[in-house]
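Asks: fold the following for me, if possible:
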Amino acid sequence: MMELSTDRIRRFPLFAGLPESALRKVAGFCRRNIFPKGARIVEFGEPADACFLVEYGQIKVYRSNPDGREQILHIVEGGQSFAEVAVLSLEIYPADALALEESAVIVVPKRPLMDWLMADSRAALSMLSGQARWIRRLVDMASALQLEDVAARLARFLVVYAEQSGLGFENGVFLEFNRKKHTIAAQIGTIPETLSRNLSKLEQAGLIRREGKGVRLLDAESVYRMAYPELDLRSGGS
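Replies: Okay, the predicted model is just below:
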């Protein structure tokens, strides 16, 4: 198996900032896989024996109940990682992961990773930081599902989507959705029909305009206020 270049590892926040010697060590025990669309990468309940770095593509991390209803925990895209928490603190994977499109994934096996972390405190701190970000995401999601209505969750999705896409959240910006409507609906804890109704409400209120496969922001400040009502934008927010 050909050893991965350190440049492939360095781009991920989980390992960014580490010295070249540490990156070479990580690259030495990783492998790169291409998963076709629809491939299952991990399954709920399987032994957590690796975490994953996504080079390109989209990975859906989700839980489902016996009647088939899904709750999407995360859509992982290029430059992001997943399953770090499972590898560091759990015996099994707590969710399923499925490739929504062809995806290149760097597989980081648990055993050599843990050995490396035991020997390198700086690496351990980097991994803990990534774990903390993921836990905060789950706490925010649980809070939103309990306390916020669908319109607020949709508004927050638009803000986060713009940030992750590298776009400024301002009037005139076009957000082209690279995922299907049912995926977006599941991600914010609703169904496609309710998502469509709430997009219509935002459009009728003059906050967005639907165009093709996305939306254009017409009143970005109002959308941001809907997403984060606790913030006072007049005092310098966003």
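
Asks: now the element after the least confident helix or strand in the chain by mean pLDDT, going C-ward?
Replies: Sorting the helices and strands of the chain by mean pLDDT, DSSP states H and E puts helix 121-147 at the bottom, at a mean of 60. Downstream of helix 121-147, the first helix or strand assigned by DSSP states H and E is helix 150-164.

Asks: need the three-state assignment for E193.
Replies: helix (DSSP: H, G, I helix; E, B strand; the rest coil).

Asks: can you show me the strands along the chain?
Replies: For the chain, the strands defined by DSSP state E cover 31-35, 40-42, 50-56, 58-64, 70-77, 80-82, 96-99, 103-109, 174-176, 208-211, 214-217.

Asks: mind listing what's buried along the fourth one?
Replies: By that I understand strand 58-64. Neighbour-count burial for strand 58-64, counted by 16 or more other CB atoms under 10 Å, picks out 58-62. Using the backbone N, CA and C atoms, a C-beta is placed for each residue, glycine as well.

Asks: how about it as PDB, C-alpha atoms only?
Replies: Listed next in PDB are the C-alpha coordinates belonging to strand 58-64 (Å, rounded to 0.1, in the frame of the first residue of the first chain):
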ATOM      1  CA  GLN A  58     -20.700  13.800   0.900                       C
ATOM      2  CA  ILE A  59     -21.200  11.400   3.800                       C
ATOM      3  CA  LYS A  60     -24.500  11.200   5.600                       C
ATOM      4  CA  VAL A  61     -24.200  10.400   9.300                       C
ATOM      5  CA  TYR A  62     -27.600   9.500  10.700                       C
ATOM      6  CA  ARG A  63     -29.700   7.400  13.100                       C
ATOM      7  CA  SER A  64     -32.900   5.700  12.100                       C
END
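
Asks: what are the pairing partners of that strand, and which direction each?
Replies: Strand 58-64 has the following strand partners under DSSP bridges: strand 70-77 (antiparallel), strand 96-99 (antiparallel).

Asks: that's all I had, so thanks and see you.
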